[in-house]
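Peer 1: Quick one: sequence plus predicted model below, questions after.
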Amino acid sequence: MEPVVEISKLDFAYRDRLVLKHIDLSLMPGRTLGLIGPNGGGKTTLIRLLAGLAQPTRGQIRIAGLSPRDASARGDIVGYLPQLPRLETRLPLTLRQAAQLGLAGKTGMLRSASADDLAFVEHLLDAVGLLADADQPIGRLSGGQLQRMLIARALAPRPKLLLLDEPTTGIDAPAQDRFIALLRELKTSLDLTIVLASHDLRAVGELCDHVACLNLSMHLHDPQHPITPDEAHALICNFGASRRGA
């Protein structure tokens, strides 16, 4: 079995500021990696590199054997939910139409989606609890509904890898609980590999098989047992302190 994500000797710098240093990682199919760490530690940068939105300064990333840019261009390998995604809610789109936009990378903008793909979007809307509201304008969505619709949109092309950058930001505690339960169900039913960057240590502990603290370099937590929020907080504090003192 080949890794879905393979990172080797990765460095990334913004101009003369090194953000990621000597990152090595292998993530097998069906696993979930949680990225934790202090602000500015490189979590969002690594997610963007995996999504093909930035290029490594040195080293290599392979997603299902392809470069991140090629994997994303395929449309059915990478699903991506950015932090605080922009969605123009004044557009005359229904919730269903907005979710179907996730198929554009797979089919192309000028081709119609297949009946099978459209049926899968309906399945996803049902799975995220939005099928009854599918004909509602997106401008009427609550924060929690918007987040669930965006998850459905990211999963519409049936990707192998789902990238989530702070997915529980801006939603209340009950919606966070529902999101965690939903993601756990979807991971199992769709056999997803997930990389999740989050400050929500409870979500990381409940969802992730592996946890990595990022603060310039990467420290992987022993995956023998689930990580608790207290352990995750200690990992951030201790690793962060060690990096600042390096």
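Peer 2: Yep, that arrived.

Peer 1: for the record, mean pLDDT for the helix or strand Met149 falls within?
Peer 2: Taking DSSP states H and E as the definition, one finds Met149 inside helix 143-155. Average pLDDT, helix 143-155: 86.

Peer 1: same thing with stretch 178-185?
Peer 2: 84.

Peer 1: ok, back up a step: now the helix or strand following the helix holding Met149, how far from the centre of its chain.
Peer 2: On the C-terminal side of helix 143-155, the nearest following helix or strand under DSSP H and E is strand 161-165. Relative to its chain's centre, strand 161-165 lies at 1 Å (CA atoms, centre = their mean, to the nearest Å).

Peer 1: C-alpha coordinates for strand 161-165, PDB please?
Peer 2: The C-alpha trace of strand 161-165 is given here as PDB (Å, rounded to 0.1, in the frame of the first residue of the first chain):
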ATOM      1  CA  LEU A 161      -7.300  13.400   0.600                       C
ATOM      2  CA  LEU A 162      -9.300  16.000   2.500                       C
ATOM      3  CA  LEU A 163      -7.400  19.100   3.700                       C
ATOM      4  CA  LEU A 164      -9.000  21.100   6.500                       C
ATOM      5  CA  ASP A 165      -7.600  24.400   7.800                       C
END
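
Peer 1: Can you tell me what sits against it?
Peer 2: For strand 161-165, the surrounding residues in contact (CB atoms under 8 Å, 6 or more residues apart in numbering) are 4-5, 43-44, 47, 50-51, 63-64, 71, 77-83, 154-155, 192-198. Where you see a C-beta, it was placed from the backbone N, CA and C, and this is true even at glycine.

Peer 1: for the helix holding Met149, the distance to its chain's centre please.
Peer 2: Relative to its parent chain, helix 143-155 has a centroid offset of 12 Å by CA atoms, centre = their mean.

Peer 1: what about the strands in the chain?
Peer 2: Applying DSSP state E to the chain gives strands spanning 5-14, 17-27, 32-36, 58-63, 78-81, 161-165, 193-197, 210-215, 217-220.

Peer 1: Now mean neighbour count and mean pLDDT too, for the ones you listed, in TSV please.
Peer 2: Formatted as TSV, these follow (neighbours: other CB atoms under 10 Å; pLDDT from 0 to 100):
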stretch	mean neighbour count	mean pLDDT
strand 5-14	17	96
strand 17-27	17	95
strand 32-36	24	93
strand 58-63	18	97
strand 78-81	24	93
strand 161-165	24	95
strand 193-197	25	95
strand 210-215	24	91
strand 217-220	17	88
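
Peer 1: Tell me which of these lies nearest to Gly143.
Peer 2: Taking CB to CB, strand 78-81 is the member of those nearest to Gly143, at 13.8 Å.

Peer 1: Give me the pLDDT for the closest residue to Ala13 other than its chain neighbours.
Peer 2: Using CB to CB, 6 or more residues apart in numbering and skipping residues adjacent in sequence, the residue nearest Ala13 is Thr57, 4.8 Å away. pLDDT, Thr57: 96.

Peer 1: Give me the buried stretch members for the helix holding Met149, please.
Peer 2: Neighbour-count burial for helix 143-155, counted by 16 or more other CB atoms under 10 Å, picks out 144-155.

Peer 1: Among these, which one lies nearest to Ala132?
Peer 2: Closest to Ala132 out of these is Gln145 (11.1 Å), distances taken as CB to CB.

Peer 1: Dump the buried residues of helix 143-155 to TSV, plus distance to Thr188.
Peer 2: Output for these, formatted as TSV (distance: CB to CB, whole Å):
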residue	distance to Thr188
Gly144	22
Gln145	23
Leu146	24
Gln147	20
Arg148	17
Met149	21
Leu150	20
Ile151	15
Ala152	16
Arg153	20
Ala154	17
Leu155	13
